[in-house]
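**Student:** sequence below, structure please.
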Amino acid sequence: MKEQFNDDSWEQTWTVPTDWKPSDEMGKWKRTTGNFYGDKKDTGLQTTEDARFYGISRKLDKPFISSNDKDIVIQYSVKNEHKMDCGGAYLKLLPGGDKFDSAKFGGDTPYAIMFGPDICGPNKRTHVILHYKKKSVNLLINNEIPVQNDKVSHLYTLVLRPDNTFEVLTDKKSVRSGKLEDEFDFLQPRKIKDPSVSKPKDWVDKKRIPDPDDVKPEEYDDVPEEIPDPDAEKPEDWNDEDDGKWEAPLIDNPEYKGPWSPKMIENPDYKGPWEHPMIANPDFVYDESMHAVCSDGCTHIGFELWQVKSGTIFDDIIVTDNLEEAQKFSEETFIRKKEGEKIMQDGAEEAERQEALKAAELDNDDDIDELDDMGKEF
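**Tutor:** Numbers count the residues shown, from 1 in each chain. Okay, here's the model as predicted:
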């Protein structure tokens, strides 16, 4: 399916859930170009109310069945016009078929893939979460993928391949790729530490030891930590009878070297760090179907989000089994859009800069006039 939100037909294909959260906790969507755009006719779907939940879903044009010879490609653009401080902007690929209840779609609805930006304070990531049917768990990618967070559109693409590999692209540039087994906890480890072997008791792994020939000097402990300040002088008004015997204040002794310890030398018995021998894991079983997150058929997509500050615009969604088709779609939509946005944003920023300069000049002129008036009065 493809979705560009360029007219009001989205209201017939997309459904806002009515049985997920109370109506006063749900935010409203609107179709808009946003503040910066390349084409007035190019609109997207935007969140509009702060501190609200947002939900919306639609049926795919064709059910998506993951097989051994087809990719799954999810691609869409995100523009955080407000510069996101805390909120999600991820998309979900959903199973369900005729039993999918769009009215109840929400955070507890089962999904096959969750993909896209999620930002809250210092936690900033591009989510990739895949459902593993054999364990009935959702697996989050082990190493976080960075996310963009400025005020222009960015394109997010996920490719899940039948050879059990994946790739994530941001603005058409690959930012993470690899094997599913290496980046997600689908499988047991291929190798484990040999349980029948343990570190030998006589294994020496201390690289340095105290020098047995180094002996503490006889008078070492006679040096005190503090001494009377030699530069201190008895105050003139000090009275021994009234104030007691005067004593100079103590200061750190520059001759004191701290508690004695023998010098360290290389350990002649050092064998190096001990490494636990690894063996093949008898419980490891490779799964050819890790990629098959839609083995029962994915039939819907949806956004299910919480945003503290609203203003995110979603657009140019495509779900396909052909990366080339998705990239061609991005050339027709996203690339032109981003170029136009950048030109418009740069123009607005330059206008603001010129206004600020003019305001500063006026303030400066006012200051000069005020000084001239003061001079005349003087």
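**Student:** quickly list what the closest residue to Gln148 other than its chain neighbours is bridged to.
**Tutor:** Distances taken as CB to CB, 6 or more residues apart in numbering place His154 nearest to Gln148, at 4.3 Å, with adjacent residues excluded. In short, each C-beta sits where N, CA and C put it, glycine included. On the basis of DSSP bridges, His154 is bridged to Val78.
**Student:** my guess is His154 contacts Thr170. True?
**Tutor:** Yes - contact criterion CB atoms under 8 Å: His154 and Thr170 qualify, at 6.3 Å.
**Student:** now list whatever residues contact both of those two.
**Tutor:** Gln148 (CB atoms under 8 Å, 6 or more residues apart in numbering).
**Student:** if the nearest residue in space to Met264 that is not next to it in sequence is in a bridge, with which residues?
**Tutor:** Distances taken as CB to CB, 6+ apart place Arg208 nearest to Met264, at 4.5 Å, with adjacent residues excluded. Assessed by DSSP bridges, Arg208 has beta-bridge partners Glu266.
**Student:** count the neighbours of Arg208 for me.
**Tutor:** Using other CB atoms under 10 Å, Arg208 has 11 other residues around it.
**Student:** what does the pLDDT read for it?
**Tutor:** pLDDT recorded at Arg208 is 95.
**Student:** what separation do you get for it and Arg336?
**Tutor:** From Arg208 over to Arg336 the distance is 65 Å, taken as CB to CB, to the nearest Å.
**Student:** now do the helices in this structure.
**Tutor:** For the chain, the helices defined by DSSP state H cover 10-13, 180-183, 240-243, 323-330, 336-377.
**Student:** on that earlier part again, and the residue nearest to Met264, what does it touch?
**Tutor:** 264-267.
**Student:** how far away is the nearest residue to Pro230 once chain neighbours are set aside from Glu255?
**Tutor:** Once flanking residues are discounted, Pro230 sits nearest to Ala248: 7.6 Å by CB to CB, 6+ apart. Distance, Ala248 to Glu255, by CB to CB: 17 Å.
**Student:** which one's the longest strand in the protein?
**Tutor:** Ranked by residue count, the top strand of the chain under DSSP state E comes out as strand 52-64.
**Student:** what is that one packed up against?
**Tutor:** strand 14-15, strand 298-307 (3 or more CB pairs under 8 Å, 6 or more residues apart in numbering; DSSP states H and E).
**Student:** could I get the full set of strands for the stretch 51-200 of the chain?
**Tutor:** Assigned by DSSP state E, counting those that start in this stretch, the stretch 51-200 of the chain shows strands spanning 52-64, 72-80, 86-88, 91-95, 113-120, 123-132, 137-140, 154-160, 165-170, 173-179, 191-193.
**Student:** quick one, which of the ones you listed gets closest to Glu236.
**Tutor:** strand 123-132 (65.7 Å; CB to CB).
**Student:** wait, Ile192 sits on His276?
**Tutor:** No - proximity of Ile192 to His276 does not meet the contact threshold set by CB under 8 Å, at 9.5 Å.
**Student:** now do the buried residues in stretch 38-46.
**Tutor:** By neighbour count on 16 or more other CB atoms under 10 Å, the buried set for stretch 38-46 is 38, 42-46.
**Student:** which two of those have the greatest separation?
**Tutor:** That would be Gly38 and Leu45, which, of these, are the farthest apart (CB to CB) at 17.3 Å.
**Student:** hmm, back to that, could I get the helices of the chain in CSV, plus columns for mean pLDDT, mean neighbour count and distance to Val78?
**Tutor:** Putting the helices of the chain into CSV (pLDDT from 0 to 100; neighbours: other CB atoms under 10 Å; distance: least, CB to CB, whole Å) gives the following:
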stretch, mean pLDDT, mean neighbour count, distance to Val78
helix 10-13, 96, 12, 17
helix 180-183, 96, 18, 22
helix 240-243, 85, 8, 77
helix 323-330, 96, 17, 13
helix 336-377, 74, 12, 12
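**Student:** for Tyr111, which of those helices is the nearest?
**Tutor:** Closest among the helices of the chain, using CB to CB: helix 180-183, at 17.0 Å.
**Student:** what residues does the closest one touch?
**Tutor:** Applying CB under 8 Å, 6+ apart, the set of residues contacting helix 180-183 from outside is 130, 141-143, 164-166, 176, 186-187, 286, 290-291.
**Student:** one more time with 10 Å, if that's ok
**Tutor:** 128, 130, 132, 139-143, 145, 160-161, 163-166, 168, 176-177, 186-190, 284, 286-287, 290-291 (CB atoms under 10 Å, 6 or more residues apart in numbering).
**Student:** buried subset of these, written for PyMOL?
**Tutor:** Remark: buried members of those, expressed as a PyMOL selection using 16+ other CB under 10 Å:
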select buried, resi 128+130+132+139+141+145+160+161+164+165+166+168+176+186+187+290+291
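**Student:** OK, contacts around the residue sitting furthest away from the middle of the chain?
**Tutor:** Centroid-distance maximum for the chain: Glu241 at 72.6 Å, with CA atoms, centre = their mean. By CB under 10 Å, 6+ apart, no residues touch Glu241.
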